[in-house]
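the following comprises the amino acid sequence and a computationally predicted model.
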Amino acid sequence: MPAIKRLWGQHDFRLSHVRRYDRKDLVALTAGHSLEVEFVGSFNLLLLPVATVFRMLEGFVKRDLSNQERMPAAPVNRVLGAIFSWERHIVTRRLPIGLSLAMIVRRTL
């Protein structure tokens, strides 16, 4: 799920996001549905500074800089792949913040 409400921008419109969540919002979605939250955590921590600057730049120039969703050049894509590969090893350590949130729930009976 997209995280950090203050980062709401054109990127979210292009990806048809309805909202950005914080942990409390995400956990609240389970209320009344016989679900037990086992894990809620952030990821995409390393790309957060880049995305933040990009979103601020979009706001400053008042333009949609819509190239964020395109497949990057192969060398850039390899670097991004390495970042995600590394980050998957630390996501269960409850990162304090990130561009995205993940949640694992179990149905209770």
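Yep, that arrived.

phi, psi for Glu58 please.
Note on Glu58: backbone dihedrals following degrees, to the nearest 10 are phi -60, psi -40.

what pLDDT does it get?
What the model reports as pLDDT for Glu58 is 82.

now do it against Arg19, distance only.
Between Glu58 and Arg19 the computed distance is 18 Å (CB to CB, to the nearest Å). Every residue, glycine included, has its C-beta placed from N, CA and C.

neighbour count for these two, which is higher?
Counting neighbours by other CB atoms under 10 Å for Glu58 and for Arg19 shows that Glu58 has the greater number, 17 against 10.

who's in contact with that one?
The contact partners of Glu58, by CB atoms under 8 Å, 6 or more residues apart in numbering, come to 9-11, 64-65.

quick one, what contacts Leu46?
If you count contacts by CB under 8 Å, 6+ apart, then Leu46 has 83, 86-87 around it.
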